[in-house]
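**Q** got a predicted structure plus its sequence, pasted below:
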Amino acid sequence: MLNFIYYPVSFILWCWHWVFGHIFGESSGFAWALSVIFLVFTLRAILFKPFVGQVRSMRRMQEFAPEMQKIKKKYPNDRQRQAQEMQKLQSEHGVNPLGGCLPMLVQIPVFIGLFHVLRSFKPGWGEVYYFDARGVESFVNAKLFGANLSTFISMPAEQLAQFGTDRTNVILVSVPLMIVASIATHFTARHSVARQNQAALDNPQTAIMNKLTLYIFPLGVLVGGFFFPVAILLYWLSNNAWTLGQQHIVYKRIDAEEEEKKATAATTRQALAPKPGAKPVNPKKPAPGAKPANGAKRMPTAGPGGSSSSPSSDAANGSSNTEIPGLISGRSTSKKPGNKKRR
């Protein structure tokens, strides 16, 4: 049923083994170990962009975490209304909670696929997915410091004998990988927890998840190492090493972007702020004695006889636009009968 996972995983592993097999030899343990490691690197390179989106999404969720707490306090007994309001809030901020889980969700089937493919590499077996019988025999005979990549510490002694190795060699290779992989898992989680703000740290659910990722998951890697093949331990170690380095690069890049945005906003506010001692100028109201701005309309003034005149009509008639005392005092300046004509 999961052949759609097994075949792509085995194909990527086959491609990298073809590369390193030409360098170290087809049955070399180093060639197979590097093939597993670069299988991880290939997957994580494909998921690099979704990982950046995951980090940005988590950062935005931390920014409006106080608003989510307000919604929980406002509707403490109405779960449906809480979900609706939180979904609305996430939509307004452009946050998709499922987008943050995508890289992790994709890695789970790959881990299952690789585990199944490696467990299928057994002595005397024929084709295994994309590998032919020769490729399976090459993997079975490959040894890394005396231990086969398909062997694990709790494997029965008769099966270890079929691979031509013993439990001591497997322990000497597996235990250091288990310890380093467990430490890498802890520091990867610790790096992520250090990015959380105080509001997220005060959330009880977040506190539980932090304890799981900081202590329970690394302990699970350490205990699970007794049942994981050497190749799976290599997968786990290289995956956490990539994650730790990727987090350092992505977090540094996002922090630089945030600092640049803050500096730009501060520069803009400083440029728009009035100088010390200067009064703010209202752009809609011209200063006393200043000419109207270009394009501003001038209010028409009433000309002789009570008709309104505009600057354009005054210019066309060759007259100047002067005020009439009668208009100022509110009295009409029309001539009364019997007045003499002025010269």
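**A** Received it, and whenever you're ready, just let me know what you need.
**Q** in what helix or strand does residue 126 lie?
**A** For residue 126, there is no enclosing helix or strand under DSSP states H and E.
**Q** OK, contacts around it?
**A** Residue 126 makes contact with 132-133, 136, according to CB atoms under 8 Å, 6 or more residues apart in numbering. All C-beta spots, glycine's among them, are computed from the backbone N, C-alpha and C.
**Q** give me the buried subset of these.
**A** Buried subset of the contacts of residue 126 (neighbour count, 16 or more other CB atoms under 10 Å): residue 136.
**Q** ok, the contacts of residue 126 vs residue 13, which is closest?
**A** Closest approach between the contacts of residue 126 and residue 13, by CB to CB: residue 136, at 11.8 Å.
**Q** assign that closest one to helix, strand or coil.
**A** Three-state assignment for residue 136 (DSSP: H, G, I helix; E, B strand; the rest coil): helix.
**Q** ok, residue 219 to residue 185 distance?
**A** The gap separating residue 219 from residue 185 is 9 Å, by CB to CB, to the nearest Å.
**Q** returning to that earlier point: dump the contacts of residue 126 to TSV, plus pLDDT and distance to residue 123.
**A** What follows is the contacts of residue 126, written out as TSV (pLDDT from 0 to 100; distance: CB to CB, whole Å):
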residue	pLDDT	distance to residue 123
132	88	15
133	88	11
136	88	9
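**Q** would you list the contacts of residue 126 in TSV and tack on distance to residue 59?
**A** Shown next, in TSV, are those (distance: CB to CB, whole Å):
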residue	distance to residue 59
132	48
133	50
136	46
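**Q** and which of the contacts of residue 126 is nearest to residue 86?
**A** residue 136 (50.8 Å).
**Q** that closest one: what's it in contact with?
**A** Counting by CB under 8 Å, 6+ apart, residue 136 has contacts 121-122, 125-128.
**Q** which two in these are spaced the farthest apart?
**A** Once CB to CB is applied, the contacts of residue 136 give 122 and 127 as the farthest pair, at 12.4 Å.
**Q** what average pLDDT does the longest helix seen in the chain get?
**A** Using DSSP state H, we find that the single longest helix of the chain is helix 230-272. Here helix 230-272 scores 84 as its mean pLDDT.
**Q** and for stretch 31-48?
**A** On average, stretch 31-48 scores 90.
**Q** and for stretch 92-104?
**A** Here stretch 92-104 scores 61 as its mean pLDDT.
**Q** what's the next secondary structure element after the host helix or strand of residue 53?
**A** Element membership for residue 53, per DSSP H and E: helix 48-63. Counting by DSSP H and E, the next helix or strand C-terminal to helix 48-63 is helix 65-74.
**Q** picking that back up, quick one: the longest helix of the chain to helix 48-63, angle?
**A** 60 degrees (axes from the mean of the first three to the mean of the last three CA atoms, to 10 degrees).
**Q** if you count contacts, what does helix 230-272 end up packed against?
**A** helix 29-46, helix 48-63, helix 97-120, helix 167-193 (3 or more CB pairs under 8 Å, 6 or more residues apart in numbering; DSSP states H and E).
**Q** just say which of these is most tucked in.
**A** Mean neighbours per residue, mean count of other CB atoms under 10 Å, is largest over these for helix 29-46, with a mean of 20.
**Q** mind listing residues that contact that helix?
**A** Counting by CB under 8 Å, 6+ apart, 9, 12-13, 16-17, 19-21, 23-25, 51, 106-107, 110, 114, 138-139, 142-145, 149, 231, 234-235, 238-239, 242-243, 246 sit against helix 29-46.
**Q** what do you get for stretch 250-264?
**A** Outside stretch 250-264, the residues touching it (CB under 8 Å, 6+ apart) are 51-52, 55-56, 59, 191, 195.
**Q** could you work out the most separated pair of those residues?
**A** 56 and 191, at 16.6 Å, using CB to CB across the contacts of stretch 250-264.
**Q** now do the contacts for the nearest residue to residue 9 once chain neighbours are set aside.
**A** Of all residues not flanking residue 9 in the chain, residue 113 sits nearest, at 4.0 Å (CB to CB, 6 or more residues apart in numbering). Contacts for residue 113 (CB under 8 Å, 6+ apart) come out as 2, 5-6, 8-10.
**Q** how about the contacts of stretch 250-264 in a markdown table, adding pLDDT and distance to residue 180?
**A** Shown next, in a markdown table, are the contacts of stretch 250-264 (pLDDT from 0 to 100; distance: CB to CB, whole Å):
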| residue | pLDDT | distance to residue 180 |
| --- | --- | --- |
| 51 | 76 | 22 |
| 52 | 78 | 27 |
| 55 | 73 | 25 |
| 56 | 74 | 30 |
| 59 | 70 | 30 |
| 191 | 79 | 16 |
| 195 | 72 | 24 |
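**Q** including distance to residue 81, could those residues go into a markdown table?
**A** Putting these into a markdown table (distance: CB to CB, whole Å) gives the following:
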| residue | distance to residue 81 |
| --- | --- |
| 51 | 33 |
| 52 | 33 |
| 55 | 30 |
| 56 | 28 |
| 59 | 27 |
| 191 | 36 |
| 195 | 31 |
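**Q** and of these, the nearest to residue 269?
**A** Of the contacts of stretch 250-264, the one sitting nearest to residue 269 (CB to CB) turns out to be residue 59, at 22.9 Å.
**Q** sweet, I'm off.
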